[in-house]
Structures are given as structure tokens and as C-alpha cells.
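Novice: Give me a model of this one.
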Amino acid sequence: MTDLVVALDVGGTGMKCALVRPDGTAVHTERHPTGAGRGPAAVVDTILAVAEGLADRARTEGHTPVAVGIAVPGVVDEAAGVAVWSANVGFRDVPLRDLAAARLGVPAALGHDVRAGGLAEARLGAGRDAGHVLFVAIGTGIAAAHIVGGSAATGAHGAAGEIGHILVRPDGPRCGCGRPGCLEAVASAAAIGRRYTELAAAASLDGGRLNGGPAGGAVTAAEVAARAAAGEELAGRVWREAIEAIADGLATGQALFDVETVVVGGGLAQAGTQLLDPLRATLHERMTFHREPRLVAAALGDEAGCLGAALLALDGMPALNS
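Specialist: Prediction:
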């Protein structure tokens, strides 16, 4: 018989779920749609039902579910166990930790999805040999987690790690937060695709012609990366601008946190060396008296948040870690 943790990483579109051993190894994984369009109450019902189903599965297979860990996006009060606010899921002041504990009858923990992912990368993944880690997730948005000695800083109000809202281009596009020039508005995957699409449309109106296909229609960041690698001038320009902005954000992060390792995750990290090699070089140019951090790709992929949720639950049960 094995003690297992029920772990869920809840996103706006889907939930990544697992049964995890105390050593951080997932023994069973599942994926479920979040169904955020049904409203926050329905999402909460789904989370609790999925968690209960995983606990039942553990028992059926002769194991003991000993805790549940849940990671959600948005603003999270981890101490109170409350999902304070989330645009993606619609949560507002949801006491998710207590609801899960009552439903499953085991201790529960609630955490922020990016901080949970950073925790997993720092302990189990690409940052496991460093005591000070900055995990930066670059996808539709940009967020970070600062991990020191295996613990993630939450901040006074549960909002630590919003590196995507560092001002990098004062005259840049307006961010969803309302301010112009945030890193997220310039260099997230969504911003890269949007920037290329706008410039391509302008070039088309001016009678220009792009390599790699027609300029019409929205283009994703992955397509921009592919076109840049193929030598398209406009895509190369957009890609370079994004890398320069990310380097500026990381340089600010390094000035603030002085970490040993920066772990880059999220969808944009799938570009691999096409992102990391020029990003390392550009970040190096920005270092003065600050020590340059090791820059590496995330190792756990999209399972990081789920594993991190399990670690948060385990942290509340020190006997399991002895």
C-alpha cells in the first residue's frame, strides 16, 4: 500500500490531474476539460468531482490518498486557501482548499499555478541543483515564480512573480492590465503573434510581399519562430524584438532576485535553442556587476503545475517527507 497525493492543475481550458507519490513521482495521470464557460460554480463542482474520483481510484487500487493539492491561475491567497480572483476561470473569493478538504476528507493545499510549476522545476526539474531559482513561464501571458531553498515566495498579497508586468517599453502596446509597455504585452506568445500579424498586414497594404506564405490572417508565435528560422526578414525582426524585451525583463528580475538559475517554461520555450541561445547572449549583454544566471529550459513540461500542487500538499505533511 502506498500513500498518494491527489493533485490538480486547473487551467482556463483543461485540468491536468495526477496521483503522486511522496517522492514526486506521478503514478497515474488524467486530463479533463475545465468548462470555464459554464461559470465558476460549475468549475468548482468539476474540480471536486475529479479530485474525489482520483481519491476513489487510489483506494480501489489499494493505496491511501493522504492529501490533495490544487493549483489555479490568478490571484491566490495560499495561507487562507482562497482563489481570490481569476479571469480565466471566473473565480472570486472561492475557499477551494476547505471545499476540497471537506469533500475528500484529507488535508488540502491551494497554490498559484505558476508558483506550483516553479516549485516542481526547482525541486524535481531543471533547477533542482540550485538553491535560488526564477521560473519564468512564457505563454499566452508571462509570469514567474521565485523559489528559495525549495519554497516559493507568495508576496504580501499573494501576487508575487508578476514579471510580465515589468515595464520594458514605455511607448509599447497597451497591456491587458491597462498600462502600456508591459513585458507581457510585448513578448508573450500572444503578443508575438499579434505583432507579426499587424506588421504583415501593414506590409501587405503597402504592396510588400512576405516570404513563407501570404500575410493575411492571424499568425501564432510558433509560426513566427518557424518563419524566422526560415530566414523571413519580418519574422526575424519580430522574434529579435521579443527576445530583447524578455532579456530586459530577466535582467530586471536578476537585479531584484540574484538567482543562480533561470528556468524558462511555457509554450514559447518549445522553440528550444532558437529562443534560449539568443536569449542567453542578449541577457549576457545586459549584465554589469550582477552575476549572470544559468539559463535553462524547463524539464517537466506541462506536468510541472500538477507536480507542484502535490508538493504543496506534501509540505503540509512533514511526516511523509521523513
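Novice: Which positions in the helix ranked longest in the chain come out as buried?
Specialist: In the chain, taking DSSP state H as the definition, the longest helix is helix 233-257. Going by neighbour count (16 or more other CB atoms under 10 Å), the buried part of helix 233-257 is 234-235, 238-239, 241-254, 257. (C-beta placed from N, C-alpha, C; glycine too.)
Novice: tell me the helices in the stretch 1-150 of the chain, going along the chain?
Specialist: Here the stretch 1-150 of the chain has its helices, by DSSP state H, counting those that start in this stretch, at 40-60, 96-104, 113-123.
Novice: The stretch 201-322 of the chain now?
Specialist: Going by DSSP H, counting those that start in this stretch, the stretch 201-322 of the chain shows helices at 221-229, 233-257, 273-286, 304-315.
Novice: for the nearest residue to G181 once chain neighbours are set aside, what are its contacts?
Specialist: Leaving aside its sequence neighbours, G181 sits nearest to G172 (CB to CB, 6 or more residues apart in numbering; 3.7 Å). By CB atoms under 8 Å, 6 or more residues apart in numbering, the contact set of G172 is P180, G181, C182, A185, V186.
Novice: List just the nearest of those to A109.
Specialist: C182 (30.1 Å; CB to CB).
Novice: neighbours of the nearest residue to that closest one once chain neighbours are set aside, just the number please.
Specialist: Excluding its sequence neighbours, the residue lying closest to C182 (CB to CB, 6+ apart) is C175, at 3.8 Å. The local packing of C175 (other CB atoms under 10 Å) involves 20 other residues.
Novice: Just confirm C175 contacts E184, I think it does.
Specialist: Yes: between C175 and E184 there is a contact under CB atoms under 8 Å: 5.9 Å.
Novice: A7: what's it in contact with?
Specialist: 17-20, 26, 68-70, 306-307, 309-310, 313.
Novice: T2 contacts T64, doesn't it?
Specialist: Yes: T2 sits in contact with T64 when judged by CB under 8 Å, with a separation of 7.3 Å.
Novice: Where does pLDDT dip in the stretch 1-150 of the chain?
Specialist: In the predicted model of the stretch 1-150 of the chain, no residue satisfies pLDDT under 70.
Novice: Now do the strands in it.
Specialist: 3-10, 14-20, 26-33, 64-72, 75-77, 82-85, 92-94, 108-112, 132-138, 142-148 (DSSP state E, counting those that start in this stretch).
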